[in-house]
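Novice: Next input, structure requested:
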Amino acid sequence: RNAFCTTYESKGNTMLNQTIADLYNRFRIHFYMQVFSKENSFGDSLTSVEAFSLECIKALGEPTVAEFAKMMGISAPNAAYKVNALVQKGYIEKVQSEEDHREFYLRATEKLKAYYQHSYQFLDEVVKRFEGRFSEDDLERLDEMLQVITKEMIPELDPEHFKKRD
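Specialist: So this is what the prediction gives:
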């Protein structure tokens, strides 16, 4: 195994457990590398906590502050403080709900989209490597399996779980 990825310890430590842990660690390390390099390159001192907050907001789409707080597991005032810092730095904007004028949705700005451009380039590169390595049938099967994993096998992290229930 690659020393870059630590050994995964679990009760049922199988080769699949280790493979998934290795993949997860590589994407996680790439994300951390991007967070720390972006802190220096954007010139506005985006903190690691703010970068993690942006990840959650982006994952939720256009959440309310309450939905963001629920996903992060923090209080509404703490979430509002983080949101206001990100609005002030120009990464997100608050958009008033047309149905309930007391409610605001958090929307990504062009600055946030630029912030993520490099990360998406990395994902495009990984997909191109897949396409160069695997047959079309294998790629379709991989896509199908990843969709099942994402939607059905990890339902606790579905962004819809953190949205308001009417």
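Novice: helices or strands next to the lengthiest helix in the chain in the packing?
Specialist: Across the chain, the longest stretch assigned as helix under DSSP state H is helix 15-41. Helix 15-41 sits against helix 48-60, helix 110-133, with contacts defined as 3 or more CB pairs under 8 Å, 6 or more residues apart in numbering; DSSP states H and E. Quick note: C-beta positions are derived from backbone N, CA and C, even for glycine.
Novice: Most tightly packed of the ones you listed?
Specialist: helix 48-60 (a mean of 18; mean count of other CB atoms under 10 Å).
Novice: Just give me how far it sits from the chain centre.
Specialist: In terms of CA atoms, centre = their mean, to the nearest Å, the centre of helix 48-60 is found 7 Å from the chain centre.
Novice: Show me what it is packed against.
Specialist: helix 15-41, helix 65-72, helix 76-88, strand 104-108, helix 110-133.
Novice: pLDDT (mean, whole number) over that helix?
Specialist: Averaged over helix 48-60, pLDDT sits at 89.
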